[in-house]
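Participant: I'd like to go over a predicted model; first the sequence, then the structure.
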Amino acid sequence: MNLRRDVFQAIADPTRRAILLLLATQSMTAGAIAANFDTARPTVSKHLQILTACELLEQEQQGREVYYHLNAAKMKEIADFIEPFRKVWDDRFNKLEQVMKSYKAKK
Amino acid sequence: MDQKTKITAENGKQEIVITRIFDLPVDLLFKAYTEPELVEQWMGNKVLMLACKAHGSYQFETRDEHGNVLFRANGVIHNFVPNHSVTRTFEMENTPFPVQLEFLDFEQLSEETSKLTMQMVFKSVADRDNMLKLPFAQGINMAHNRLQKLISKLKQQ
(Lines give C-alpha, C1' and ligand atoms only; values in the text may rest on other atoms or scores of the structure.)
Protein backbone atom coordinates (compact mmCIF):
# COMPACT_ATOMS: atom_id res chain seq x y z
CA MET A 1 0.00 0.00 0.00
CA ASN A 2 2.79 2.39 0.93
CA LEU A 3 4.68 1.48 -2.20
CA ARG A 4 1.59 2.27 -4.25
CA ARG A 5 1.34 5.68 -2.68
CA ASP A 6 5.00 6.31 -3.46
CA VAL A 7 4.37 5.57 -7.12
CA PHE A 8 1.55 8.08 -7.27
CA GLN A 9 3.61 10.66 -5.44
CA ALA A 10 6.32 10.08 -8.00
CA ILE A 11 4.01 10.77 -10.93
CA ALA A 12 2.35 13.74 -9.23
CA ASP A 13 5.34 15.88 -10.22
CA PRO A 14 5.23 17.34 -13.77
CA THR A 15 9.00 17.05 -14.33
CA ARG A 16 8.94 13.40 -13.34
CA ARG A 17 6.02 12.76 -15.69
CA ALA A 18 7.97 14.49 -18.45
CA ILE A 19 10.95 12.22 -17.71
CA LEU A 20 8.73 9.12 -17.95
CA LEU A 21 7.39 10.40 -21.26
CA LEU A 22 10.92 11.01 -22.56
CA LEU A 23 11.88 7.47 -21.67
CA ALA A 24 8.73 5.95 -23.15
CA THR A 25 10.44 5.15 -26.45
CA GLN A 26 14.16 5.00 -25.62
CA SER A 27 16.80 4.40 -22.94
CA MET A 28 18.79 7.51 -22.05
CA THR A 29 21.69 8.54 -19.83
CA ALA A 30 21.16 10.99 -16.97
CA GLY A 31 23.02 13.66 -18.95
CA ALA A 32 20.85 13.20 -22.04
CA ILE A 33 17.71 13.39 -19.90
CA ALA A 34 18.91 16.51 -18.07
CA ALA A 35 19.63 18.21 -21.42
CA ASN A 36 15.85 18.31 -21.99
CA PHE A 37 15.15 20.43 -18.94
CA ASP A 38 15.88 23.95 -17.76
CA THR A 39 16.30 22.70 -14.20
CA ALA A 40 19.77 22.15 -12.72
CA ARG A 41 21.38 18.78 -13.30
CA PRO A 42 21.33 17.80 -9.57
CA THR A 43 17.55 18.44 -9.53
CA VAL A 44 17.08 16.11 -12.47
CA SER A 45 19.32 13.54 -10.72
CA LYS A 46 17.07 13.78 -7.67
CA HIS A 47 14.01 13.12 -9.82
CA LEU A 48 15.74 10.11 -11.41
CA GLN A 49 16.62 8.85 -7.95
CA ILE A 50 12.98 9.05 -6.82
CA LEU A 51 11.70 7.38 -9.99
CA THR A 52 14.29 4.62 -9.58
CA ALA A 53 13.53 4.20 -5.86
CA CYS A 54 9.87 3.53 -6.55
CA GLU A 55 10.87 1.20 -9.40
CA LEU A 56 9.31 3.19 -12.24
CA LEU A 57 12.78 3.40 -13.81
CA GLU A 58 15.56 0.84 -14.03
CA GLN A 59 19.25 1.49 -14.46
CA GLU A 60 21.43 -0.46 -16.85
CA GLN A 61 25.20 -0.24 -17.07
CA GLN A 62 26.49 -0.05 -20.65
CA GLY A 63 30.27 0.38 -20.63
CA ARG A 64 30.99 3.57 -18.70
CA GLU A 65 27.47 4.92 -19.07
CA VAL A 66 24.36 4.23 -16.99
CA TYR A 67 21.17 4.14 -19.04
CA TYR A 68 17.69 4.65 -17.62
CA HIS A 69 14.67 2.86 -19.00
CA LEU A 70 11.03 2.42 -17.98
CA ASN A 71 10.04 -0.50 -15.83
CA ALA A 72 7.00 -1.60 -17.79
CA ALA A 73 5.65 -3.83 -15.00
CA LYS A 74 5.62 -0.97 -12.53
CA MET A 75 4.12 1.46 -15.04
CA LYS A 76 1.28 -1.03 -15.45
CA GLU A 77 0.58 -0.75 -11.74
CA ILE A 78 -0.45 2.85 -12.27
CA ALA A 79 -2.79 1.57 -14.93
CA ASP A 80 -5.69 1.20 -12.55
CA PHE A 81 -5.78 5.01 -12.67
CA ILE A 82 -7.98 5.34 -9.61
CA GLU A 83 -5.67 7.45 -7.48
CA PRO A 84 -5.46 10.43 -9.90
CA PHE A 85 -9.26 10.28 -10.22
CA ARG A 86 -9.67 10.23 -6.44
CA LYS A 87 -7.26 13.15 -6.12
CA VAL A 88 -9.39 15.29 -8.48
CA TRP A 89 -12.51 14.68 -6.40
CA ASP A 90 -10.68 15.09 -3.10
CA ASP A 91 -9.34 18.50 -4.23
CA ARG A 92 -12.80 19.52 -5.46
CA PHE A 93 -14.48 18.52 -2.17
CA ASN A 94 -11.75 20.22 -0.11
CA LYS A 95 -12.57 23.38 -2.04
CA LEU A 96 -16.29 22.91 -1.36
CA GLU A 97 -15.59 22.53 2.36
CA GLN A 98 -13.43 25.65 2.38
CA VAL A 99 -15.98 27.72 0.39
CA MET A 100 -18.84 26.69 2.68
CA LYS A 101 -16.86 27.34 5.86
CA SER A 102 -16.15 30.92 4.82
CA TYR A 103 -19.77 31.29 3.63
CA LYS A 104 -20.93 30.21 7.08
CA ALA A 105 -18.47 32.58 8.79
CA LYS A 106 -19.76 35.53 6.73
CA LYS A 107 -23.35 34.95 7.72
CA MET B 1 -4.55 8.08 7.89
CA ASP B 2 -8.11 7.49 6.75
CA GLN B 3 -8.94 9.20 3.46
CA LYS B 4 -11.86 11.64 3.52
CA THR B 5 -12.71 10.97 -0.10
CA LYS B 6 -13.10 7.33 -1.15
CA ILE B 7 -13.62 5.84 -4.58
CA THR B 8 -15.14 2.43 -5.27
CA ALA B 9 -14.91 1.14 -8.83
CA GLU B 10 -15.29 -2.61 -8.97
CA ASN B 11 -13.86 -4.46 -11.95
CA GLY B 12 -16.36 -5.10 -14.69
CA LYS B 13 -19.10 -2.88 -13.23
CA GLN B 14 -20.29 0.25 -15.04
CA GLU B 15 -20.44 2.45 -11.98
CA ILE B 16 -18.26 4.54 -9.69
CA VAL B 17 -19.19 5.33 -6.11
CA ILE B 18 -17.57 8.35 -4.46
CA THR B 19 -18.02 8.95 -0.73
CA ARG B 20 -16.85 11.94 1.22
CA ILE B 21 -17.16 13.02 4.86
CA PHE B 22 -17.45 16.80 5.29
CA ASP B 23 -16.81 18.98 8.33
CA LEU B 24 -20.07 20.74 7.47
CA PRO B 25 -23.68 20.44 8.62
CA VAL B 26 -25.74 18.66 5.97
CA ASP B 27 -27.76 21.80 5.06
CA LEU B 28 -24.55 23.71 4.24
CA LEU B 29 -23.25 20.80 2.17
CA PHE B 30 -26.54 20.70 0.28
CA LYS B 31 -26.48 24.48 -0.24
CA ALA B 32 -23.09 24.13 -1.96
CA TYR B 33 -24.95 22.24 -4.71
CA THR B 34 -27.93 24.56 -5.09
CA GLU B 35 -26.68 28.17 -4.99
CA PRO B 36 -25.14 29.12 -8.37
CA GLU B 37 -22.54 31.51 -6.88
CA LEU B 38 -21.38 28.83 -4.43
CA VAL B 39 -21.28 26.14 -7.13
CA GLU B 40 -19.12 28.47 -9.23
CA GLN B 41 -16.69 28.97 -6.36
CA TRP B 42 -15.95 25.34 -5.62
CA MET B 43 -16.45 23.81 -9.08
CA GLY B 44 -14.49 26.56 -10.83
CA ASN B 45 -17.05 26.67 -13.67
CA LYS B 46 -19.50 29.36 -14.69
CA VAL B 47 -23.11 28.36 -14.00
CA LEU B 48 -25.21 29.19 -17.07
CA MET B 49 -28.35 27.71 -15.63
CA LEU B 50 -29.33 25.81 -12.49
CA ALA B 51 -32.94 24.94 -11.78
CA CYS B 52 -32.93 22.78 -8.65
CA LYS B 53 -36.24 20.94 -8.76
CA ALA B 54 -37.72 17.75 -10.12
CA HIS B 55 -37.63 18.02 -13.93
CA GLY B 56 -35.21 20.94 -13.62
CA SER B 57 -31.87 21.20 -15.40
CA TYR B 58 -28.45 22.78 -15.31
CA GLN B 59 -25.59 23.87 -17.57
CA PHE B 60 -22.01 24.74 -16.57
CA GLU B 61 -19.11 25.98 -18.67
CA THR B 62 -15.47 27.09 -18.48
CA ARG B 63 -13.85 29.46 -20.96
CA ASP B 64 -10.20 30.40 -21.42
CA GLU B 65 -8.97 34.01 -21.31
CA HIS B 66 -9.79 34.40 -25.03
CA GLY B 67 -13.41 33.38 -24.50
CA ASN B 68 -13.08 29.94 -26.07
CA VAL B 69 -15.21 27.27 -24.41
CA LEU B 70 -12.92 24.73 -22.75
CA PHE B 71 -15.58 22.72 -21.02
CA ARG B 72 -19.36 22.65 -21.04
CA ALA B 73 -21.59 20.19 -19.28
CA ASN B 74 -25.33 19.87 -18.77
CA GLY B 75 -27.91 17.60 -17.28
CA VAL B 76 -31.45 17.24 -16.11
CA ILE B 77 -32.57 16.86 -12.53
CA HIS B 78 -34.98 13.99 -12.05
CA ASN B 79 -35.50 14.13 -8.34
CA PHE B 80 -34.69 16.80 -5.79
CA VAL B 81 -35.21 16.37 -2.04
CA PRO B 82 -33.58 19.22 -0.04
CA ASN B 83 -30.84 18.10 2.37
CA HIS B 84 -31.42 14.50 1.36
CA SER B 85 -30.93 13.51 -2.28
CA VAL B 86 -30.57 14.56 -5.91
CA THR B 87 -30.92 12.33 -8.96
CA ARG B 88 -29.58 13.88 -12.15
CA THR B 89 -27.86 13.21 -15.43
CA PHE B 90 -24.45 14.63 -16.39
CA GLU B 91 -23.13 15.02 -19.90
CA MET B 92 -19.98 16.74 -21.14
CA GLU B 93 -20.73 18.49 -24.43
CA ASN B 94 -18.57 17.85 -27.51
CA THR B 95 -16.78 14.85 -26.00
CA PRO B 96 -17.04 11.15 -26.79
CA PHE B 97 -18.39 10.54 -23.26
CA PRO B 98 -22.05 9.52 -23.22
CA VAL B 99 -24.46 10.87 -20.62
CA GLN B 100 -24.17 9.39 -17.13
CA LEU B 101 -26.72 9.00 -14.34
CA GLU B 102 -25.85 10.33 -10.87
CA PHE B 103 -27.45 9.57 -7.52
CA LEU B 104 -26.36 11.98 -4.79
CA ASP B 105 -27.25 11.10 -1.21
CA PHE B 106 -26.69 13.63 1.56
CA GLU B 107 -26.57 12.33 5.09
CA GLN B 108 -26.22 14.09 8.41
CA LEU B 109 -23.63 12.39 10.64
CA SER B 110 -23.65 14.89 13.50
CA GLU B 111 -24.52 18.58 13.99
CA GLU B 112 -21.30 19.58 12.27
CA THR B 113 -20.49 16.67 9.97
CA SER B 114 -22.16 15.14 6.96
CA LYS B 115 -21.57 12.51 4.31
CA LEU B 116 -22.07 12.61 0.56
CA THR B 117 -22.44 9.40 -1.44
CA MET B 118 -22.34 9.90 -5.18
CA GLN B 119 -23.13 6.93 -7.38
CA MET B 120 -22.36 7.45 -11.07
CA VAL B 121 -23.78 4.96 -13.56
CA PHE B 122 -22.25 4.80 -17.04
CA LYS B 123 -23.49 3.54 -20.40
CA SER B 124 -20.85 0.79 -20.49
CA VAL B 125 -17.92 -0.60 -18.51
CA ALA B 126 -15.58 0.91 -21.13
CA ASP B 127 -17.13 4.37 -20.65
CA ARG B 128 -16.72 3.99 -16.89
CA ASP B 129 -13.05 3.06 -17.33
CA ASN B 130 -12.46 6.01 -19.68
CA MET B 131 -13.87 8.39 -17.08
CA LEU B 132 -11.59 6.90 -14.42
CA LYS B 133 -8.57 7.31 -16.70
CA LEU B 134 -9.35 10.92 -17.63
CA PRO B 135 -7.39 12.68 -14.84
CA PHE B 136 -4.39 10.45 -15.39
CA ALA B 137 -4.52 11.08 -19.15
CA GLN B 138 -4.80 14.83 -18.54
CA GLY B 139 -1.76 14.64 -16.23
CA ILE B 140 0.25 12.94 -18.96
CA ASN B 141 -1.05 15.50 -21.47
CA MET B 142 0.11 18.39 -19.31
CA ALA B 143 3.53 16.77 -19.03
CA HIS B 144 3.51 16.31 -22.78
CA ASN B 145 2.60 19.96 -23.45
CA ARG B 146 5.38 21.03 -21.13
CA LEU B 147 7.75 18.81 -23.04
CA GLN B 148 6.58 20.26 -26.35
CA LYS B 149 7.28 23.76 -25.03
CA LEU B 150 10.75 22.72 -23.88
CA ILE B 151 11.50 21.15 -27.23
CA SER B 152 10.40 24.21 -29.21
CA LYS B 153 12.47 26.38 -26.88
CA LEU B 154 15.49 24.16 -27.50
CA LYS B 155 14.94 24.39 -31.24
CA GLN B 156 15.02 28.19 -31.08
CA GLN B 157 18.42 28.21 -29.40
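Facilitator: Nice, I can see it.
Participant: B:Asp127 contacts B:Gln14, doesn't it?
Facilitator: Yes: when contacts are counted by Cβ atoms under 8 Å, B:Asp127 is listed as touching B:Gln14 (7.1 Å). For the C-beta atoms, the positions are set from N, CA and C on the backbone; glycine is no exception.
Participant: quick one: low-confidence residue ranges for chain A.
Facilitator: Residue ranges of chain A with pLDDT under 70: A:1-6, A:8-9, A:76-81.
Participant: tell me which residue of it lies closest to chain B.
Facilitator: A:Arg17 (3.5 Å; Cβ to the nearest Cβ).
Participant: what are the buried residues along the helix or strand containing that residue?
Facilitator: Using DSSP states H and E, A:Arg17 maps to helix A:14-22. Residues A:15-22 are the ones in helix A:14-22 that count as buried (16 or more other Cβ atoms under 10 Å in any protein chain shown).
Participant: could you identify the helix or strand that succeeds it?
Facilitator: Heading C-terminal from helix A:14-22 (DSSP H and E), you reach strand A:28-29.
Participant: and that next one, which strands flank it?
Facilitator: If you go by DSSP bridges, strand A:28-29 pairs up with strand A:65-70 (antiparallel).
Participant: report the angle between the strand it pairs with and helix A:14-22.
Facilitator: 90 degrees (axes from the mean of the first three to the mean of the last three Cα atoms, to 10 degrees).
Participant: the residue of chain A closest to chain B is in contact with A:Ile11, isn't it?
Facilitator: Yes: assessed by Cβ under 8 Å, A:Arg17 is found in contact with A:Ile11 at 5.7 Å.
Participant: on that earlier part again, tell me the one among the buried residues of helix A:14-22 nearest to B:Gln41.
Facilitator: Within these, proximity to B:Gln41 (Cβ to Cβ) peaks at A:Arg17, which comes in at 29.0 Å.
Participant: spell out which residues of chain A are next to chain B.
Facilitator: Counting by Cβ under 8 Å from any Cβ of the partner chain, chain A comes close to chain B at A:11, A:14, A:17-18, A:20-22, A:36-38, A:78, A:81-82, A:84-90, A:92-93, A:95-101, A:103-104.
Participant: from those residues, list just the buried residues.
Facilitator: A:11, A:17-18, A:20-22, A:36-37, A:78, A:81-82, A:84-90, A:92-93, A:96-97, A:99-100, A:103.
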